[in-house]
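>>> quick one: sequence plus predicted model below, questions after.
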Amino acid sequence: MDFKQSRNCFEFNDYAIDNHVSDIIAKEESIFIPNLNRNLRRNIVSGLLQSMTQSIFIDLFKVSYAKIKDADPADRIYQSDDCGWTGQIGYDQENAWGASIYTADEDVDIDAAGFYALGKDTKYQIYIAVGADGPNGFAGRTRVADGAVSDSGFYTMTFDTPVSVKKGQSFAVILYISTPGDIHPLAIEMPASSIEEGDVDITDGESYSSNNGLVWDSIEEGAGGNLCLKAYGRVASDDTDAKKD
């Protein structure tokens, strides 16, 4: 990847492999990119950026960027796909189920989940199953969000009502997804040719897939990977202390 001064941008010319890049720029600037034939103004927060509302996508035809929010030290992110989307699985049909199990490190209110839509007009349903320590616990799931997205990409969906989980308690985030024309609609992290096998730790998570939401398969055992399905929460506030007179 090289920086092109004439275009004020980075260029990645090896199209034989997939790749992505994130840059941190610590000032506000107006950027003109001739090959896009328009001005783009980006307000960048100075300093280390620890949290973003959504991913930034760049391709040959467009640049889109997201509003950056201040980092909140109280936030919790539960994930097991540090290398991101490197593969996809399914059951030779447009819909599939996926689930990831996590353990709360504090008393938390789980209030959002993040997943990849791998094609246009993807429909989704998100469930939480508190106390689930395996597929047998998925039957007690509660739906917390549903809808559809018009474009492919990574999405973070906020729940109408947060779900409380106690410290040390396991919980499952469960996703039903349907993507027209895609028979492998679940994004997973797995060893790929463009990254070193040792960089992918598939033992750091527990995730499952299903073609009907009833019978579940281990993604680690079946595909050698982890599901790209994140949970976001906020440390539960302690309102039990009585106010002194």
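Noted; the coordinates are in hand. Model, not experiment: these values are computed from the prediction.

>>> hang on, residue 207 packs against residue 229?
Yes: counting by Cβ atoms under 8 Å, residue 207 touches residue 229, with 6.9 Å between them. C-beta: built from backbone N, CA, C; applies to glycine.

>>> who touches both of those two?
98-100 (Cβ atoms under 8 Å, 6 or more residues apart in numbering).

>>> residue 183 - how many residues pack around it?
Counted with other Cβ atoms under 10 Å, the neighbours of residue 183 add up to 14.

>>> tabulate the CA atom coordinates of the regular element (helix or strand) spanning residue 96 in CSV.
Taking DSSP states H and E as the criterion, residue 96 maps to strand 95-103. Provided in CSV are the C-alpha atoms of strand 95-103 (Å, rounded to 0.1, in the frame of the first residue of the first chain):
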residue,chain,number,x,y,z
ASN,A,95,-31.3,-18.1,5.6
ALA,A,96,-29.4,-19.5,8.6
TRP,A,97,-29.1,-19.1,12.3
GLY,A,98,-25.9,-18.3,14.3
ALA,A,99,-25.2,-18.0,18.0
SER,A,100,-22.2,-17.0,20.1
ILE,A,101,-21.9,-17.6,23.9
TYR,A,102,-20.2,-15.2,26.2
THR,A,103,-19.7,-14.7,29.9
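
>>> quick one: low-confidence parts of the protein?
Residue ranges of the chain with pLDDT under 70: 1-74, 192-202, 204, 238-245.

>>> need the single longest strand in it, by residues.
Using DSSP state E to define each element, the chain has its longest strand at strand 153-165.

>>> can you spell out which helices and strands pack onto the next helix or strand after it?
Scanning forward in sequence from strand 153-165 by DSSP H and E, the next helix or strand is strand 170-178. Counting contacts by 3 or more Cβ pairs under 8 Å, 6 or more residues apart in numbering; DSSP states H and E, strand 170-178 is packed against strand 95-103, strand 108-117, strand 122-130, strand 229-235.

>>> convert strand 170-178 to CSV, retaining C-alpha atoms only.
The C-alpha trace of strand 170-178 is given here as CSV (Å, rounded to 0.1, in the frame of the first residue of the first chain):
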residue,chain,number,x,y,z
SER,A,170,-23.2,-16.8,30.5
PHE,A,171,-25.5,-15.5,27.8
ALA,A,172,-26.0,-16.2,24.1
VAL,A,173,-26.4,-13.8,21.3
ILE,A,174,-28.5,-15.5,18.6
LEU,A,175,-28.9,-14.3,15.0
TYR,A,176,-31.4,-15.3,12.3
ILE,A,177,-30.4,-13.9,9.0
SER,A,178,-31.8,-14.1,5.4
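
>>> what residue spans form the domains of the protein?
With automatic domain parsing as the criterion, the domains of the chain are listed as 1-71, 75-235.

>>> quote the end-to-end distance of the last one.
Across domain 75-235, the terminal residues are separated by 7 Å (Cα to Cα, to the nearest Å).

>>> quick one: the spatially closest residue to residue 166 that is not a sequence neighbour and residue 99, what's the gap?
Sequence neighbours aside, residue 107 is the residue nearest to residue 166 in space, at 5.6 Å (criterion: Cβ to Cβ, 6 or more residues apart in numbering). Taking Cβ to Cβ, to the nearest Å as the measure, residue 107 falls 22 Å from residue 99.
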